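>>> Sharing a model prediction with you, sequence too.
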Amino acid sequence: AQTRLQTGIAVNMGTEDKPPHVEISLSTNNETVICAVMVFAEGIFEGETHVLHPKESEVTSRLDVALYPPRDVPVDIHIKALVGYEGSQHYHVFELTRQLPRFSMYAVLVERTQDVGSFLSFVINERLQR
């Protein structure tokens, strides 16, 4: 009764084996485990649905889902997660809706590799809106 499904969204810069992606982290707040996750998103997956169902030996209270959204487009994501106790035959279905921001595939550059020595200036003849 006290189980909560917690979500987090982060940009993963990828590795040599995996390209950059947005990662949704799902976790529970107690001893329950996440047995399966269904993600419904338009335009991200072939068939608009992605199902993650880890092997019974690999089931934990945390699961990461990699998403490859198109750039500069906000995407509504509908998540259904089956959560229960390890070895149980009965699960509770958690339903969540999240929106990936328009620029979710961009990462903040932490360190500058070079100094910017140039600039651009110009005149606008129109009055700016306040």
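Yes, it's here.
>>> give me the number of residues near the nearest residue to residue 39 once chain neighbours are set aside?
In space, and not counting its chain neighbours, residue 39 is closest to residue 50: 4.6 Å by Cβ to Cβ, 6 or more residues apart in numbering. Yep, even glycine has a C-beta here, placed from its N, CA and C like the rest. If you count neighbours by other Cβ atoms under 10 Å, residue 50 ends up with 17.
>>> which of the residues in the host helix or strand of residue 50 are buried?
Using DSSP states H and E, residue 50 sits in strand 49-52. By 16 or more other Cβ atoms under 10 Å, the buried positions in strand 49-52 come out as 50, 52.
>>> now stretch 77-87
For stretch 77-87, by 16+ other Cβ under 10 Å, it's 77, 79, 81, 82, 83, 84.
>>> thinking again about what came up before, direction included, what does the helix or strand following the strand holding residue 50 pair up with?
On the C-terminal side of strand 49-52, the closest following helix or strand by DSSP H and E is strand 62-67. As defined by DSSP bridges, the strand partners of strand 62-67 come to strand 21-28 (antiparallel).
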